[in-house]
Structures are given as structure tokens and as C-alpha cells.
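1. Okay, here's the prediction I keep looking at, along with the sequence it came from:
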Amino acid sequence: MYDAKSEVSKLLSKYTEGLNEQQLYDMLEVPPSPEMGDLALPCFKLSKHLRKPPVQIAESLAASVPKTDFIDKIKAVSGYVNIFLNRAIFIDKLLAEILDTGKVFGSSDEGRGKNIVIDFSSPNIAKPFHIGHLRSTVIGNALYRMFKFMGYNCIGINYLGDWGTQFGKLIVAYKKWGDEDKVRKDLVKELVSLYVRFHEEAESDPALEDEARYWFAQLEKGNEEALALWRWFVDISLEEYAKIYDVLGVKFDLFQGEAFFNDKMEPVVNELKAKGLLVESEGAMIVDLEDEDMPPCLILKSDGSTLYATRDITAAIYRKNTFDFYKCIYVTGVSQSLHFKQVFKVIEKMGYDWHKDLHHVPFGTVSIGGEKLATRTGKVILLEDLLTQAISKTAAIIEEKNPDLPDKEEVARQMGVGAVIFSDLFSNRIKDVAFSWDEILNFDGETGPYVQYTHARACSVLRKAGDVKLNAFDSSLLSSDEEYSLAKTLADFPSKVKQALDELEPSIITRYLVDVAHDFNRFYHVHSILVEDEVLKTSRLALTQAAKTVLRSGLELIGLSAPERV
RNA sequence: GCGCCUGUAGCUCAGUGGAUAGAGCGUUCGACUCCGACUCGAAAGGUCGCAGGUUCAACUCCUGUCAGGCGCACCA
């Protein structure tokens, strides 16, 4: 691919003593404003070695470097060497590449033969899927698609919360007050109300807690009645989650919950013991991490039963053995940061050098009205309700603006869901979010529908143009500020994808898409595309096609659909 | 108490040690006989939490401090 920066650093290296190409490449930066040029070399650092003031260095450099075909102008400005690229050549190479590579523009095969395990979404069985679970789902899904784009083989795992004492409670509640038909009809909603009723009744009747413990113990022992009910609860929940994942367009390669590891933890505990890491403390078995300035990692409760960390360590080892991952990524709330630090450290202490391939990808907390979400207090917004609202709002807009649109329902779903996902992936993931209906259902400005609309508009122009041989474009006709600015933004796509993956930060793509959409809309507004002049029309169509390609790829990377008509 | 994270425009947020700190929303003003106006342009709006320090250069790095969030032993 054409990289103007490396061309420029190659050229400059011939005129700068003691600086090689790579050093220059790293020093080159993009000026704050396009009138200053396309690339700039700050000369302040060179001042010491060359024993000359930066202003002088810049000036002599600007004077000595000859103009080449790909550079239009070199100007020294207060210590910077500002470089203006030849617009036609830049656009020519860029468009040729995008038209040629199409939807694989920006992708690579750097991940060939490498497995990435991504643990995401992971809701708790028999609990409603609320907006708190959305973030893990949507961030994990975006990372999955981004890694895949770079040629990695991804294994998306839904690590369901499908085990624990709450199942004892649920079994008791169902046996006492449950009604099979009701559960079949209302699914998780009914399970939740059984769960809530259990807590209400347990306040006046503490014996219920004992019963729940009894039934969970039965479950762990493999009692058939208990197991059958548990399986049923899991199936009901999965059925309901499947609908949500379907609406969101999210897929998993594996549903492998906590229960899967029940019979796999004992060998790991023994291994910890054998490696001398397990010590007794206050009745429990722990791995001491004081030398790492961390609280201890609890492995076994005083009654001998296992904990969260036990299961996660076991799961990590299992995944390494099964998938031999290049990276294993956990997408969970920031509140679990310490937990993962401890788990990773224990794995390091066990002598596994792949501990460095484990990555926790934390995200900020969702609150509503200043309070944290909580199923028990009813402080939740069900994802189903949110998606329904977003979709019906989009449907209403389509009905008003474009009632003849074919496939209206599907487009409404794509854009409504798109708005929700986009807004979740817009800020840096570490930021806390205060949920607001107004904000999430506002489709103006930097939103998913804005980008989707822009993409559809590009599609519309191309459709209207009919059959045009885009390769016959003439880049010298695309030298206006709007066209050049759009081209430069499009050229950034590959490096943005790379950066987003380096930082495991999908929001880099999300915000980049807004830039592309904005640049395209400005170009579209200032210049007519479907003009009489055939060559000019072809050239602008080629640029439109390039923008469409990047918008579509970017939208798909963050898990949005890119409908051709909206 | 200790640890981690976050403090940038009225609000929501960007911002690789470099030039005049940028978007969107909201406000005000403007642009449709036109390829889709869910669009585009402009104005107003900032002691980058505060105080030191490092540097030719700090929103960015370091130290301290204040405010908020999240953790810190038998929940996950």
C-alpha cells in the first residue's frame, strides 16, 4: 500500500545527517491544520546535535531537499519543515488501491494461524438481559470482528453464569410456587419473579435458605431431579438470549459456562498445592500475593468449595490447552480489574509463560439516575425494551420520510440497533456511562444512523450513476480541499484499525467513521457528483465508491449493518 | 485506610511531548428549482480540577493535592 510518510522519510533521510529513515518516520507528524501542509518535521530535537537553532535547520532543510513528483511544496515555518504532497498522485494511488482491494482494504493476514479467544457477554442464567450486559457483548463483538479482519482465527466464548447457589433458591421456589405453563410462556421473566418471591418469603421463613442450600448441594452431587430443573432453566434462558443476540447480530463459537468447569477444578487445585502456592489462611486456602502488592487470591472457601478465581484459572488453562491461543481476552466491567490481575498473576506463579497473553479489557460502569443497575431493586432497563424502542423509533422515521422503502422492518432493525451499539462504542470504553433514553434515542449528530445514512447516500449516488467504469478516473480532477481531505481521511483507515486493535479499543473505529461521514458529506454538499463531464463524473464516483467501501467495512467492524437504502 | 480508574466548552465526549486545545448536542445566524436536508456552513462558548516539577516545548510525563467512580477474604 502507498505510504506517503515513508516516501517522505526516505527522501528526507538523504539530506539529514545522522538520521535514518525510521527515525525520520517516527518524527514526522501531521500539522494541526491542513493549510500548514500534509506532513511536518519538527526540528527542535535536531538542534542540539547540529548546534544550530531549529529555525535555521528547518530553513536549510527546506531549501536543500529538491522537489519530487510526489511533493508539491516544502516550506520552513518557525522550526518546522512543512511538506505538501502532490494531491493527484496521492489520490491516484489511494483510489486505485481501494477500488482494487474493495472490502479487504485495510485488512491484513498478520493473524494467520493465530487463535484469539474472546470471552464476552457472559450473562447470568435466569436473570434478565439488561443494558449492563450490552457493553461486554458489543465491545467483545467488535474486537472479534476486528481480529478476524486482520486474519486471526477467533473463538468467541460466552462464559455463562450458569452455576451457583442461586440455582438452589430457584429450584426451591419453582417446586413451591412454580407453574410450568407460566414459565414456558414468560420464560426468564417468570424465573426472575420466582427468584424475587423466594427472597421475599425467605425474610419471614429462614428455613427456605436451608432448603436452597440443600438443593444446591443436591445439584452439585448430580441429583437427577435437580439437574433436570437446572438444565431446563439454562435452556429457557439461552432461548431468550438467543433472540437478543440475533437482533444484535452477535454470534458465539462456544457457549461454555461456569458449570462446564465443575469437574475440572480439582486437578488445578492439586497443581497449585504441588507447586507450593497454596497456603491456609483464616480457614480458607489462598495464593498469597503480598510480594506483588496485591490482596491474596482465594482458591477454596473454608468449607472446601471453589470460588470465582478457581474457576477462572481452570478455564484459562483449559482454553490454553484446547485452543493454544495467541491471546485470550476477557471483556468485563472495570470492577473486576483486581480479580483478573490476581488470576493472571497466579497463572504466572504457576510457571506458565503464556500469562502475558491474557488481557483484561475493562469497561466503565453503567448507571441510571445516579444509581448502579441492580436486578433486585428493579433498577434495570431491559435490553429488549431498549432495542424495541430504538427500532420502533426508527420505523416511525422511515414511515414519515421514506414510506416506500422496501424491506422497511429490516432496515428499522438495522438502524435502531445500530444507534444503540454505536452509542455504546463511541466513547473510550473505560468511561462510566449514565444511561439516558434521550441520548441513546437521539439520532442527530455523531450517531450510528448518521453514518449509516451517509453510507446509503453514497450507495444511492452510485446506483443512480448506473454502469460506470470507475477505473477510468482522473485523480488530477479531484484536487479540491474537500476531495483531498476526504481522500486523506480514507487513507487513514488501515492505521486506525491497527491502532484500535493495539489498544483493544473499538471506539477508535467508531469515531473514525464519523470523520469519514463528515468529510464525505462535505464533499457531497460542495461538489456535484453526477455531472455532465464523463471523466469528472467518473472520478467523483470513484471517490464516492472509496468512501462507501470504507464506511461499510468500518460499520461492519463495530458490528453494525450498512444498509444500501434507508 | 490502601489500590486502580476518571476529571478538557452549558451537556456528552475527542485529543500520538510539539504550531492557534477540537467534535457533536444545545443556543444564535445562514444555505434547499440541486446526486436523498436524518445534510452543510458560520458565530458564541475554555484559568484542559488545583499546586509544584521535568523539558527548547506539557491537556499529554513526574510528585503532591482535591473531587467522583470502582475495588480491597470465603458472591460472581
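-> Now that the structure is in, tell me what you want to look at.

2. Flag the shaky bits of chain A, pLDDT-wise.
-> Within chain A, the stretches with pLDDT under 70 are A:374-379.

3. Residue of chain A closest to RNA strand B, please.
-> A:Gly445 (2.1 Å; Cβ to the nearest atom of the strand). Backbone N, C-alpha and C define where each C-beta goes, glycine included.

4. what are the phi and psi values for that residue?
-> A:Gly445 has phi and psi values of phi 80, psi -140 when expressed as degrees, to the nearest 10.

5. again, but for A:Ile118
-> Dihedral angles (degrees, to the nearest 10) for A:Ile118: phi -120, psi 120.

6. Can you tell me who it pairs with across the strands?
-> For A:Ile118, the beta-bridge partners are A:Gly156, A:Ile329 (DSSP bridges).

7. so where do the strands sit in the stretch 201-350 of chain A?
-> Secondary structure of the stretch 201-350 of chain A (DSSP state E, counting those that start in this stretch): strands at A:254-255, A:278-281, A:284-287, A:297-300, A:327-333.

8. Could you give the separation of the third one from the chain centroid?
-> Relative to the chain's own centre, strand A:284-287 is displaced by 35 Å; criterion: Cα atoms, centre = their mean, to the nearest Å.

9. if we look at it, which residues are touching it?
-> A:269, A:272, A:277-280, A:296-302, A:342, A:346, A:349 (Cβ atoms under 8 Å, 6 or more residues apart in numbering).

10. cutoff 10 Å now
-> By Cβ atoms under 10 Å, 6 or more residues apart in numbering, the residues outside strand A:284-287 that reach it are A:269, A:272-273, A:275, A:277-281, A:294-304, A:306-307, A:309-310, A:313, A:342-343, A:345-346, A:349-350.

11. buried residues in stretch A:345-352?
-> When burial is assessed from 16 or more other Cβ atoms under 10 Å, stretch A:345-352 yields the following buried residues: A:345-347, A:349-350, A:352.

12. And for stretch A:322-337?
-> A:323, A:325-332, A:334.

13. Just to check, A:Asp381 is in contact with A:Glu371?
-> For residue A:381 the amino acid is Ile, not Asp. No. Using Cβ atoms under 10 Å, A:Ile381 is not in contact with A:Glu371; the gap is 12.0 Å.

14. if we can go back for a sec, mind checking which of the strands of the stretch 201-350 of chain A is nearest A:Glu29?
-> Checking those against A:Glu29 by Cβ to Cβ gives strand A:327-333 as the closest, at 30.1 Å.

15. May I see the buried residues of stretch A:396-413?
-> A:397-398, A:408, A:411-413.

16. With stretch A:216-233 instead?
-> For stretch A:216-233, by 16+ other Cβ under 10 Å, it's A:216, A:218-219, A:226, A:229-230, A:233.

17. Give me the distance between that stretch and the centre of its chain.
-> 36 Å.

18. Identify the residues contacting it?
-> Stretch A:216-233 is contacted by residues A:125-126, A:162-172, A:174-175, A:178, A:180, A:183-184, A:188, A:191, A:194, A:214-215, A:259, A:262, A:305 when judged by Cβ under 10 Å, 6+ apart.

19. now, which of these lie close to RNA strand B?
-> A:164-165, A:305 (Cβ under 7 Å from any atom of the strand).

20. Quick check: residues of the stretch 101-250 of chain A near RNA strand B?
-> Residues of the stretch 101-250 of chain A lying near RNA strand B (Cβ under 7 Å from any atom of the strand): A:124, A:161, A:164-165.

21. For the residues you listed, please prepare a markdown table with the additional fields neighbour count and secondary structure.
-> Output for those, formatted as a markdown table (neighbours: other Cβ atoms under 10 Å; DSSP: H, G, I helix; E, B strand; the rest coil):
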| residue | neighbour count | secondary structure |
| --- | --- | --- |
| A:Asn124 | 18 | strand |
| A:Gly161 | 16 | strand |
| A:Gly164 | 15 | coil |
| A:Thr165 | 15 | coil |
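
22. A:Ile244: which of those is nearest?
-> A:Asn124 (14.0 Å).

23. Identify the residue spatially nearest to that closest one, adjacent ones excluded.
-> Spatial nearest neighbour of A:Asn124, excluding adjacent residues (Cβ to Cβ, 6 or more residues apart in numbering): A:Gly161 at 3.5 Å.

24. now do A:Ser64
-> A:Tyr15 (5.2 Å).

25. before we move on, the earlier item: the residue nearest to A:Asn124 contacts A:Phe129, correct?
-> No. A:Gly161 is beyond contact range of A:Phe129, at 11.7 Å (criterion: Cβ under 10 Å).

26. Quickly list what's touching both of the two.
-> Contact with both A:Gly161 and A:Phe129 is made by residues A:123, A:237, according to Cβ under 10 Å, 6+ apart.

27. In the stretch 301-450 of chain A, what residue spans correspond to helices?
-> A:308-323, A:337-349, A:383-401, A:408-424, A:437-440, A:448-465 (DSSP state H, counting those that start in this stretch).

28. ok, the longest one near RNA strand B or not?
-> Read it as helix A:383-401. Yes. Contact of helix A:383-401 with RNA strand B (Cβ under 7 Å from any atom of the strand) involves A:397-398, A:401.

29. Would you mind pulling up the elements that that helix packs against?
-> The contact analysis (3 or more Cβ pairs under 10 Å, 6 or more residues apart in numbering; DSSP states H and E) places helix A:383-401 against helix A:131-149, helix A:224-248, helix A:408-424, helix A:437-440, helix A:448-465.
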